[in-house]
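Student: Pasting a predicted model and its sequence here:
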Amino acid sequence: STTLQLKDINNHQRSTINHQLNMKIAALLTLIGSAAAFAPAAQTTKSGSSLAAWKDETVVGITPPVGFFDPMGLSSGKSDGIMSHYREAELKHGRVAMAACLGWYITAAGVHPAFHSELSSDPLQAAQDLPFVGWLQFILGCGAIEWLAQKIKDRPGYVPGDILGASYWVDDSDEGWVDYQNKEINNGRLAMLAFMGIFVQDLSFGDYGDEIFKH
């Protein structure tokens, strides 16, 4: 019986190691995919004075205390089109990250009425337990949103990230509108950092809840 117990323990340890390895691989793939989204679509030349002019004309996203934050020089030599692509990618990732943070803590709080509430309150475990039909709905829903966004981008006068068409009614000369956009983009930047933090926290330590008020 002692031998059987040792075998069970070894099997459990191997299963745990395999699970952790799979989750770390998934995290690595997620990071690679996120980085790819910010890769330039094409290489173009642009003078430093032109880039300075773009920064002078851009009133959204360049906020104190850091101002124009580009320590890696990714904007160097990029055209206005590429810079607009970067801004749209940043907005999209920020919006997704804000929704992900909200969804994470709703799930961690035990609020998950789908599938008879049988999913784990650990969001990473719940993602693994989600039935195929759930993933299918998720993929089709995201695909529909992406398809609609691409159709909206074909409109004349489209402003990067403005899916709802607010730019038809107000422009960046309105200080209130600029302030609203800056709040959105800064909250999105914070959410991207926050989500990576809570994701790694759960992946590395198994803690998926609110650690600040845990004790």
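Tutor: Yes, it's here. Residues are numbered from 1 along each chain as shown.
Student: For residue 202, grab the count of nearby residues.
Tutor: By other Cβ atoms under 10 Å, the residues close to residue 202 number 19. Just so you know, the C-beta spots here come from the backbone N, C-alpha and C atoms, and that holds for glycine as well.
Student: Touching, it and residue 126? I think so.
Tutor: No - Residue 202 is beyond contact range of residue 126, at 11.0 Å (criterion: Cβ atoms under 8 Å).
Student: What's the end-to-end length of stretch 122-140?
Tutor: Counting by Cα to Cα, to the nearest Å, you get 24 Å between the two ends of stretch 122-140.
Student: who touches that stretch?
Tutor: With contact meaning Cβ atoms under 8 Å, 6 or more residues apart in numbering, stretch 122-140 is reached by 23, 103-104, 107-108, 112, 114-115, 118-120, 199, 202-203, 206, 208.
Student: if you set the cut-off to 6 Å instead, what comes out?
Tutor: 104, 107, 119, 120, 202, 208 (Cβ atoms under 6 Å, 6 or more residues apart in numbering).
Student: how about the last one, secondary structure?
Tutor: Read that as residue 208. coil (DSSP: H, G, I helix; E, B strand; the rest coil).
Student: Contacts only, for it.
Tutor: 108, 122, 202.
Student: which one of these sits closest to residue 157?
Tutor: Comparing these against residue 157 with Cβ to Cβ picks out residue 108 as the nearest, at 41.8 Å.
Student: need the contact list for the closest one.
Tutor: Counting by Cβ under 6 Å, 6+ apart, residue 108 touches 121, 208, 209.
Student: is it true that the first one touches residue 112?
Tutor: No - contact status for residue 121 versus residue 112: not in contact, 7.2 Å apart, counting by Cβ atoms under 6 Å.
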